[in-house]
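compute the structure for the input listed below.
(one chain, ligands or ions: 1)
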Amino acid sequence: MFETSIAGSLPKPAWLAEPEKLWARWQLSGEELDRGKERAVRFWLDEQDRAGIDVVTDGEQSRIHFVHGFLESIEGIDWKKLTRMGIRNNRYEADVPTVTGPVRRTRSVHGAEAAFARQNTKRKLKLTLPGPMTICDTIANAAYERRSDLAMAFADLLNAEAKELAARGVDVIQFDEPAFNVFMQDVKDWGIAALERAARDLPCKTAVHICYGYGIEANVRWKQSLGAEWRQYEEIFPALNASRIDQVSIEAANSRVPLSLIRLLPDKQVMVGVIDVATNEVESAEQVAARIAASLEHIERERMLPCTNCGLAPLPFEVAQRKLGALGAGVARARTELG
Ligand code: ZN
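Residues are numbered from 1 along each chain as shown. Here you go, the predicted structure:
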């Protein structure tokens, strides 16, 4: 009951990368960097184990960013041709690389990382990949006629990568699609089709993570503009419920999302966010257990998967450590009280 996981990312230690930054620079290089990443992965696998997290992740310790970590080894992208682009419907601007030709995956991207993580934990293992729509919203397109064409091309590469990760013993592959809460019509027109294409024929569980973003300033400002009730999920959940994806996330901790929207996913396992990532304040076990109990008004316990709202990457290292502990302790409490 209450199989628990985190959205994916965790902060990198300060000796590995600049702390509390989303696009942090590595502090090591070459062989030292490789060994450093492994040390950081082992550390977080142990921390999640100690906290009692059931489905652990590598904390994305080997990637510079959750999208560009995947794109770095893809052909057809010109990293020197930077295009200034509004991201997530102009929530913020960034200089992003440009797709200048057909995209191709010529080698494994995260295969070695998956194998390393698998060797270092006995728990179930989840690995994350960026979703096709979110990739297309984080890179400029100068090669494909429509954004949806590019998304389908990326979906094929993601599918090949996901199959390899599953073959290496990964139990859950999660596609991160924060763009799903922004381009709701596109999600219905082609976003879910691209997602299903990325997830097709996988032998493991598949998940999609949709959130209101990391607790960075641009996101906090955006959330303030969304009014008293956040109903973005309402538009896309019915279509997601009809999809072949096994698990869908919902940002529920400290958010203005009506919990009743969980009811739009009657055929899915739902990863319910019970840890807020936009504050350094660490939840108590009581608070987490109360959030779990509140969600059970809308979902049977067998389908409810406690989770974090989003990744913990930009948080101070010790805050993330304590939030992991709070998640584990809160779930333990809920199991006793509600079990
Ligand atoms: Zn997220």
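
every contact and neighbour count from this point should use C-alpha atoms.
Fine.

show me the contacts for residue 76.
99, 100, 101, 102, 103, 104 (CA atoms under 8 Å, 6 or more residues apart in numbering).

how about residues contacting whichever strand or helix holds the fourth one?
When elements are defined using DSSP states H and E, residue 102 is found to belong to strand 92-105. With contacts defined as CA under 8 Å, 6+ apart, strand 92-105 is touched by 73-87, 138-144, 153-154, 157, 218.

still on that earlier bit, which one (most neighbours) among the contacts of residue 76?
Highest neighbour count within these, by other CA atoms under 10 Å: residue 99, with 23 neighbours.

tell me what that residue is bridged to.
Beta-bridge pairing for residue 99 (DSSP bridges): residue 77, residue 141.

doesn't residue 125 belong to a strand?
Yes. Applying DSSP: H, G, I helix; E, B strand; the rest coil, one finds residue 125 inside a strand.

distance between the ends of stretch 188-206?
19 Å (CA to CA, to the nearest Å).

list the buried residues of it.
Neighbour-count burial for stretch 188-206 flags 188, 190-200, 202, 204-206 (criterion: 16 or more other CA atoms under 10 Å).

what's the neighbour count on the residue nearest to residue 290 when sequence neighbours are not counted?
Leaving out its chain neighbours, the residue that sits closest to residue 290 by CA to CA, 6 or more residues apart in numbering is residue 334, at 7.8 Å. Here the number of neighbours of residue 334 (other CA under 10 Å) works out to 21.

cool, and residue 221?
Residue 221 has 12 nearby residues by other CA under 10 Å.

okay, and it sits in which element?
Going by DSSP H and E, residue 221 is in helix 217-224.

now what about the helix or strand just after that helix, what contacts it?
Scanning forward in sequence from helix 217-224 by DSSP H and E, the next helix or strand is helix 232-241. With contact meaning CA under 8 Å, 6+ apart, helix 232-241 is reached by 180-182, 184, 187-188, 192, 248, 261, 264-268.

how about stretch 327-339?
Applying CA under 8 Å, 6+ apart, the external contacts of stretch 327-339 come out as 1-2, 4, 51-53, 274-275, 284-290, 292-293, 306-308.

among those, which are within reach of the ion?
Among these, none lies close to the ion by the criterion of CA under 5 Å from the ion.

pLDDT score for the residue of the chain found nearest the ion?
At 3.7 Å from the ion, residue 310 is the closest residue in the chain, using CA to the ion. We have a pLDDT of 95 for residue 310.

and for the residue lying closest to it once chain neighbours are set aside, the neighbour number?
Counting by CA to CA, 6+ apart, residue 7 is the residue found nearest to residue 310 once chain neighbours are left out, at 5.1 Å. Per other CA under 10 Å, the neighbour tally for residue 7 reads 26.

need the contact list for residue 7.
Taking CA under 8 Å, 6+ apart as the definition, contacts of residue 7 comprise 209, 307, 308, 309, 310, 311, 312.
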